[in-house]
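Here's my sequence, what's the structure:
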Amino acid sequence: VQVLKSIAAVAKKLSQAGIAKGRTNQQQGFKFRGIDEVLNAISPMLADEGLIMAPKVLSREVTERTTKSGGALFYVGLMVEYTIYSAVDGSSVSVVTCGEAMDSGDKATNKAMSAAYKYMVIQTYCVPTEGDNDADATTHEVAASKPAAKPQGSLEDRAKGMNAPAK
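Predicted coordinates:
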């Protein structure tokens, strides 16, 4: 299947070039890759390999919050499915990812789409990272709570009550 060969070729190129975390969040001081860096790095590689990425928003949740100064702040959470097509043979694969963002104007959804795309690219193409973004790098202390109730019934019975993943 050509799409898989092309994805592997892009991943190989990105494994050598990477995408540096060249920006700094001014408020919290952490390093990050902006969407522009991701697009500038991957776009020529996608074109070379004949790959087309088509997004489809599966779900969108908006919550209005209040800023410290009393203004409106919109929080948007998206679930986005990206279908990656090969222009060579029409083969495709789909990847589902989430994006979250906040904005005080009309850009929260745009920012959430950028976040979803950026992390889909990073994870699908195994883009090398730098910095401290490994979940195992930090430890959080959780307040003591009551022990969880022991699940009742067999594993099969409990599984029957779960929702099947959406397609």
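
gap between Arg60 and Val93?
23 Å (Cβ to Cβ, to the nearest Å). Where you see a C-beta, it was placed from the backbone N, CA and C, and this is true even at glycine.

for the residue most central in space within the chain, what are its contacts?
What sits nearest the mean C-alpha location of the chain, by Cα atoms, centre = their mean, is Tyr119, with 3.4 Å. If you count contacts by Cβ atoms under 8 Å, 6 or more residues apart in numbering, Tyr119 has them with Thr97, Cys98, Gly99.

who wins for neighbours among those?
Ranked by neighbour count (other Cβ atoms under 10 Å), the contacts of Tyr119 have Gly99 at the top, with 23 neighbours.

thought that one was touching Val121?
No: counting by Cβ atoms under 8 Å, Gly99 does not reach Val121; the two are 11.9 Å apart.

For those two, list the residues in contact with both.
Joint contacts of Gly99 and Val121 (Cβ under 8 Å, 6+ apart) do not exist.

got the residue ranges for the helices in this structure?
2-17, 35-49, 108-124, 155-160 (DSSP state H).

Would you confirm that Ala11 contacts Ile122?
No: judged on Cβ under 8 Å, Ala11 makes no contact with Ile122 at a distance of 10.9 Å.
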